[in-house]
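Chemist: Following is a predicted model, sequence given first.
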Amino acid sequence: MLVSAGWTLRIVGTASGFLGFTLFRQSVESDQWSSVPHVRWWLRLLGAVAVFFAGVAVFMIGRQTVVRGKQHIADVIESLDRLPGTRYLLYLRPFSHDALMSGLPDDIQGGGNAQNFFLVSGLTYEESLVRRFRRFGRVIAIGQPDEALPLPGAARGYLPLNDWQSQVSRLIAGAHAVLLAAGPGPGTVWEFTEAVRLVPPTRLLLLAYCDAPTYDRFREAVAEEYDRRSHTEPGAPATGLWPPLPGLPDYPPPARPERPRWEVLLNGGKKRLRWDFTLKGLIVFRPDWAAKFIRFDPTTLRLSSTWTLSRLVRRELQPVMDQLTALDTREEPGDDAP
């Protein structure tokens, strides 16, 4: 009911927004300027503005209502013990990321006029991530123990607070692939080192939603945790040895932080491209653990638009998708763990 009501509000808000935008545009057309002194012209203009912003408000309420409805029908895993032997991707992240990942985009991929606002995606950031990778298997995540409702996106399973590491370790070992969002928290750092210990390099994908300073803190924390664990805990089950710690690459700076003057004019008068993707990039690993940072850098584009930004993401993601597709020809997850 909430999802249906939310979509109804979205449709009503979109219709109101387009009506208000159309009336406003008609009011300011060149052949209407002779009517400016008249009260009727001003009332029509103000009415158009009011209808447009009322449509925006109704549209935004509708989007949030849809998300709330999805929380009530979200995919919840009753027992994580049933996952071994099935095809799944394990999505690990700092719980603090949930506030970001449960949000909705509020722009048209870097820009767009007021009318195009009503074309923004109704998917949360986590739903968008899951939609990209779900063709490789069911995407699952560990839910926060105290959350009242699961977030839409990955299927949620819940673990006890006193024995979460051993169960996460089993999930990592059995995953077709591991998607891990970088963060300097101790839980995330432990999960990364555990993935290094248990899974082949090509089955690990590191997601960079964070900025460069946070990523650098993550690298430092990983080095310390790896040094501690490799000297005190057993290594890979098959060999008893720890694989080499991957040398995580530097966070790439913007390719073009400044724009030529002609690009400034074409992109709304901004000298710097302040807009950026929520997912800044990802780190992939070759079989020898050599790492590459794939940065989704919008400054490489001469002119930002929905089409060019989508094409940029598809182009940069293609090698990653090819790598994950190649895993389909290999043995069942966990059989090739080192």
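Modeler: Structure received.

Chemist: can you map out the helices along the stretch 101-250 of the chain?
Modeler: Here the stretch 101-250 of the chain has its helices, by DSSP state H, counting those that start in this stretch, at 125-133, 164-174, 186-198, 212-232.

Chemist: And the average pLDDT for the second one is what?
Modeler: For helix 164-174, mean pLDDT is 93.

Chemist: Which positions in stretch 221-239 come out as buried?
Modeler: For stretch 221-239, the neighbour count (16 or more other CB atoms under 10 Å) marks Ala221, Val222, Glu225, Tyr226, Arg229, Ser230, Gly235, Ala236 as buried. Every residue, glycine included, has its C-beta placed from N, CA and C.

Chemist: Stretch 312-331 too?
Modeler: Buried residues in stretch 312-331 (16+ other CB under 10 Å): Leu312, Glu316, Val320, Gln323, Leu324, Leu327.

Chemist: related to what we said a few turns ago, export the buried residues of stretch 221-239 as CSV, with columns for distance to Pro257 and pLDDT.
Modeler: CSV is the format used below for these (distance: CB to CB, whole Å; pLDDT from 0 to 100):
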residue, distance to Pro257, pLDDT
Ala221, 28, 97
Val222, 28, 97
Glu225, 33, 97
Tyr226, 33, 96
Arg229, 38, 95
Ser230, 39, 94
Gly235, 43, 92
Ala236, 42, 92
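
Chemist: farthest pair in the residues you listed?
Modeler: Distance extremes for these: the farthest pair is Ala221 and Ala236 at 21.5 Å, using CB to CB.

Chemist: biggest helix in the protein by residues?
Modeler: Ordering each helix of the chain by length in residues (DSSP state H) puts helix 39-72 first.

Chemist: could you give the angle of it to helix 125-133?
Modeler: Between helix 39-72 and helix 125-133, the angle comes out at 70 degrees (axes from the mean of the first three to the mean of the last three CA atoms, to 10 degrees).

Chemist: Report the distance from helix 39-72 to the chain centre.
Modeler: Remark: helix 39-72 is offset 26 Å from the chain centroid, using CA atoms, centre = their mean, to the nearest Å.

Chemist: re earlier: so for Pro252, which of the helices of the stretch 101-250 of the chain sits nearest?
Modeler: Among those, helix 212-232 comes nearest to Pro252, with 8.9 Å by CB to CB.

Chemist: Which neighbouring elements make contact with the closest one?
Modeler: When contacts are defined as 3 or more CB pairs under 8 Å, 6 or more residues apart in numbering; DSSP states H and E, helix 212-232 sits against helix 186-198.

Chemist: how many degrees apart are the helix it packs on and helix 212-232 in direction?
Modeler: 60 degrees.

Chemist: what about the residue nearest to Gly69 when sequence neighbours are not counted, how many neighbours?
Modeler: Distances taken as CB to CB, 6 or more residues apart in numbering place Leu2 nearest to Gly69, at 2.9 Å, with adjacent residues excluded. If you count neighbours by other CB atoms under 10 Å, Leu2 ends up with 16.

Chemist: Show me what secondary structure element comes after the lowest-mean-pLDDT helix or strand in the chain.
Modeler: In the chain, no helix or strand scores lower on mean pLDDT, DSSP states H and E than helix 261-266, which sits at a mean of 64. Next helix or strand after helix 261-266 toward the C-terminus (DSSP states H and E): strand 281-285.

Chemist: OK, contacts around the spatially most central residue of the chain?
Modeler: By CA atoms, centre = their mean, the chain has its centre lying nearest to Tyr125, at 4.4 Å. Residues near Tyr125 by CB atoms under 8 Å, 6 or more residues apart in numbering: Leu100, Met101, Ser102, Gly103, Leu104, Pro105, Thr278, Leu279.

Chemist: Next one: the closest residue to it other than its chain neighbours relative to Ala236, how far apart?
Modeler: The shortest distance from Tyr125 to any non-neighbouring residue, by CB to CB, 6+ apart, is to Met101 (4.7 Å). According to CB to CB, to the nearest Å, Met101 stands 31 Å off from Ala236.

Chemist: Test my guess that Asp106 contacts Val120.
Modeler: Yes: taking CB atoms under 8 Å as the definition, Asp106 is a contact partner of Val120 at 6.7 Å.

Chemist: between these two, who's got more neighbours?
Modeler: Higher neighbour count among Asp106 and Val120: Val120, with 17 against 9, using other CB under 10 Å.

Chemist: ok, how many other residues are close to the residue nearest to that one when sequence neighbours are not counted?
Modeler: Distance criterion CB to CB, 6+ apart; nearest residue to Val120, sequence neighbours excluded, is Pro105 at 5.4 Å. Pro105 has 15 neighbouring residues, counting by other CB under 10 Å.

Chemist: quick revisit: so which of the buried residues of stretch 312-331 sit within strands?
Modeler: Among the buried residues of stretch 312-331, DSSP state E puts none in strands.

Chemist: Any regions of the stretch 101-250 of the chain where pLDDT drops low?
Modeler: Low-confidence regions of the stretch 101-250 of the chain, defined by pLDDT under 70, span residues 107-116.
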